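> Model the following, please.
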Amino acid sequence: MSEPLVVIQARTGSARLPGKVLLPLGGYPSVVLTAKRAANRGHRVVVATSVEKSDDALCELLSEAAIPFVRGSLHDVLGRYLEVAKDLADDDWLVRLTGDNVFPDGEFVGELLDAANSAGGPYLGTHSPLDGLPYGMSAEAVKVGALREVAPTAGGIEKEHVTLAVRRRIASDLFQPANGMALGHLRCTMDTFKDYVTLQKVFAAVDDPVNERWDNLCEILGNLESTPRFRIPYSLKNGRVRGRLTLGTAQFGLPHYGIANQVGQPSASAVRAIVERAIEHGVTTFDCARAYGNAEERLGEVLTGGLASQCEVITKLDPLADLPNSGSIREVRAGVDASVFRSCRDLQTKSLDAVLLHRWRHYAEWDGAVWKRLLELKQEGVIKNLGASVTGVEEALAALAEPMISRLQIPMNLLDWRWRDADFWVAAEGRPDVEIDVRSVFLQGALLSPPEQWPVGKGYDARDFTNCLDRLVERMGRSGRDDLCVAYIAANKLVTSLTIGVETEEQLKVNLSLMRCPPLTKEEIEIIDQAMPRAPTWLLNPAEWPKR
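I've put the predicted structure just below:
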């Protein structure tokens with residue numbers, strides 16, 4: 001067995017922060033600092049970059065710093081690694097680092113390799129926040145033979161993400177440092193200019209950027225005034241980390257959305273501040289729709305420049321209200337395409353993370369032409385995931401019966417007795433691949449409002465509900481109705497995330513704090529279900545509320 005080899009992949013043409021591997025950090029170009037830190041305990045280090053002309057300057061810098069490098073395909077990064085490893089044995093270790101993650105040092109690489117040898121498998125890697133490490137404190141150890149085994153059949157994304165095929169087909173073990181850090185709320189990578197400024201502050205605080213221990217750098221980062229102090233809880237679904245709070249964006253694009261909205265549509269600067277704070281504290285998903293005015297466009301403007309890599313956007317298909325019932329298949333397909341590609345344009349992306357049917361009836365209408373076209377767009381790579389936004393249990397059950405649906409959004413709150421139907425949750429347990437998001441946690445703000453602001457209609461007295469809510473808040477020892485409502489939904493382990501929109505950064509701050517409060521117990525849920533008056537069905541669906 002040969003000495004382990006540390007391979008740092010780097011390129012100049014980053015779409016998120018172009019030229020970031022060349023930016024000065026601690027007195028060195030960042031890629032040089034990354035390589036020197038990885039080698040500071042004697043490990044062999046080589047940089048794997050591309051043959052593109054844009055990387056010529058990078059290679060000149062590496063040559064001047066006497067750092068070995070190899071050049072290969074821009075897109076086939078796996079091929080670059082195999083070229084580096086051509087003289088190594090199958091049982092030899094490669095350690096994968098990236099040029100924009102400068103914190104890992106030789107000490108960290110050594111800890112990873114020791115743990116990999118003890119684990120006995122062909123792969124061991126970090127995965128923030130599961131490992132307690134900051135995002136960007138990233139490294140992977142993989143056996144050369146495992147890479148060679150998967151290479152012949154690796155697809156496009158597997159060639160770009162070097163170890164993905166190994167993790168999918170052979171083995172995947174999680175590395176957790178022995179010191180048991182709890183720093184998953186921090187970020188030490190360099191995807192945005194803001195990230196770069198943060199790292200400049202960290203390295204300005206040390207005397208020896210090359211040899212400063214990785215955990216000391218993490219401590220300095222955690223003590224910066226500008227870094228967040230917590231991360232909201234998350235769900236782990238199909239290997240993906242999702243924040244338990246999803247930020248709804250209807251308020252971004254519509255004036256006075258929600259019965260309790262006293263602020264109106266936030267300004268562009270307010271939207272940016274809300275989105276940035278949400279991401280900083282672990283919100284990984286934004287919920288949008290073509291029907292939300294210009295919300296997609298405003299969100300897309302904020303997510304450019306690196307933030308898009310830190311989150312995903314779930315958007316909903318246009319309601320297709322202009323299509324007649326007798327519309328031709330050609331017209332329907334054109335309507336779907338118009339909606340999807342306008343979403344791509346406004347969100348400034350070539351592919352959409354997830355598209356939901358905004359009206360479940362469109363699944364079957366027009367002989368299923370809408371759904372068929374969405375399936376084609378998914379196969380073409382324009383859409384990554386498909387799903388549905390539903391209004392009730394019957395639609396939700398029908399959606400779960402569609403095997404291509406992987407996202408489901410349901411309206412649920414402590415007032416909505418329909419979701420106590422056990423049949424739905426049994427069906428949900430049978431579809432562990434489906435991410436279930438809950439909207440209407442506050443019933444568009446009604447549950448937080450005084451009775452005079454509730455919808456006016458027959459069959460109920462709003463005071464019965466508000467009085468009951470206030471009694472339950474006191475009985476459960478919660479901080480307010482908002483805490484009670486969030487804790488009620490958060491108690492359901494089958495719920496992936498709670499979708500809640502805001503008009504102001506202060507509202508977001510409150511909601512982030514609420515996500516950290518303990519969920520209700522099973523016994524408390526039962527008390528609430530028995531205590532709440534039964535709401536008329538129309539009250540549970542804001543689309544049926546009388547116009548004020």
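
> where along the stretch 351-500 of the chain do the helices fall?
Assigned by DSSP state H, counting those that start in this stretch, the stretch 351-500 of the chain shows helices spanning 365-379, 393-400, 422-429, 462-476, 481-490.

> which helices and strands does the third one pack with?
In other words, helix 422-429. Counting contacts by 3 or more Cβ pairs under 8 Å, 6 or more residues apart in numbering; DSSP states H and E, helix 422-429 is packed against helix 393-400. Bear in mind the C-beta positions are built from the backbone N, C-alpha and C, glycine included.

> winner for burial among the helices of the stretch 351-500 of the chain?
Ranked by mean neighbour count, the helices of the stretch 351-500 of the chain are led by helix 481-490 with a mean of 23 (mean count of other Cβ atoms under 10 Å).

> Restricting to C-alpha, output it in CSV.
Extracted in CSV, the C-alpha atoms of helix 481-490 (Å, rounded to 0.1, in the frame of the first residue of the first chain):
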residue,chain,number,x,y,z
ARG,A,481,-50.4,30.9,19.8
ASP,A,482,-47.6,30.8,17.2
ASP,A,483,-45.5,28.6,19.4
LEU,A,484,-48.5,26.2,19.9
CYS,A,485,-49.3,26.0,16.2
VAL,A,486,-45.7,25.3,15.1
ALA,A,487,-45.1,22.8,17.9
TYR,A,488,-48.3,20.9,16.9
ILE,A,489,-47.1,20.3,13.3
ALA,A,490,-43.4,19.8,14.3
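
> which residues are in contact with that helix?
233, 244, 412-414, 438, 441-442, 447-448, 469-470, 472-473, 476, 478, 495, 498, 500, 510-511, 514-515, 517-520, 525, 528 (Cβ atoms under 8 Å, 6 or more residues apart in numbering).

> Could you do stretch 210-228 as well?
Contacts of stretch 210-228 (Cβ under 8 Å, 6+ apart): 26, 28, 33, 36-37, 40, 103-105, 107-108, 133-134, 137, 177, 179, 181, 183, 185-188, 198, 201-203, 205-206, 280-281.

> Okay, and which of these map to helices?
Leu33, Lys36, Arg37, Glu107, Phe108, Thr198, Lys201, Val202, Phe203, Glu280 (DSSP state H).

> Could I get the residues you listed in CSV, plus columns for neighbour count and pLDDT?
Shown next, in CSV, are these (neighbours: other Cβ atoms under 10 Å; pLDDT from 0 to 100):
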residue, neighbour count, pLDDT
Leu33, 23, 96
Lys36, 20, 97
Arg37, 28, 97
Glu107, 15, 95
Phe108, 25, 95
Thr198, 19, 95
Lys201, 14, 96
Val202, 25, 96
Phe203, 19, 96
Glu280, 18, 93
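
> of all those, which two lie farthest apart?
Greatest spatial distance among the ones in helices among the contacts of stretch 210-228 (Cβ to Cβ): Lys36 and Glu280, at 29.4 Å.

> Same list (the helices of the stretch 351-500 of the chain) but as CSV, adding distance to Phe193 and mean pLDDT.
Formatted as CSV, those follow (distance: least, Cβ to Cβ, whole Å; pLDDT from 0 to 100):
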stretch, distance to Phe193, mean pLDDT
helix 365-379, 33, 96
helix 393-400, 41, 97
helix 422-429, 42, 93
helix 462-476, 44, 96
helix 481-490, 34, 98
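
> Make a markdown table out of the ones you listed and add distance to Glu225.
Output for the helices of the stretch 351-500 of the chain, formatted as a markdown table (distance: least, Cβ to Cβ, whole Å):
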| stretch | distance to Glu225 |
| --- | --- |
| helix 365-379 | 44 |
| helix 393-400 | 45 |
| helix 422-429 | 43 |
| helix 462-476 | 35 |
| helix 481-490 | 28 |
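
> Minimum distance to Phe341: which of these has it?
helix 365-379 (9.2 Å).

> Output that closest one as PDB - backbone C-alpha positions only.
Output of helix 365-379 as PDB, limited to C-alpha atoms (Å, rounded to 0.1, in the frame of the first residue of the first chain):
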ATOM      1  CA  GLU A 365     -57.700  17.000 -17.000                       C
ATOM      2  CA  TRP A 366     -57.100  17.200 -20.700                       C
ATOM      3  CA  ASP A 367     -56.600  13.400 -20.800                       C
ATOM      4  CA  GLY A 368     -53.600  13.800 -18.500                       C
ATOM      5  CA  ALA A 369     -51.700  16.000 -21.000                       C
ATOM      6  CA  VAL A 370     -50.300  18.300 -18.200                       C
ATOM      7  CA  TRP A 371     -48.800  15.500 -16.200                       C
ATOM      8  CA  LYS A 372     -47.400  13.800 -19.300                       C
ATOM      9  CA  ARG A 373     -45.700  16.900 -20.400                       C
ATOM     10  CA  LEU A 374     -44.200  17.400 -16.900                       C
ATOM     11  CA  LEU A 375     -42.900  13.900 -17.000                       C
ATOM     12  CA  GLU A 376     -41.200  14.600 -20.400                       C
ATOM     13  CA  LEU A 377     -39.600  17.800 -19.000                       C
ATOM     14  CA  LYS A 378     -38.300  15.800 -16.000                       C
ATOM     15  CA  GLN A 379     -36.800  13.200 -18.300                       C
END
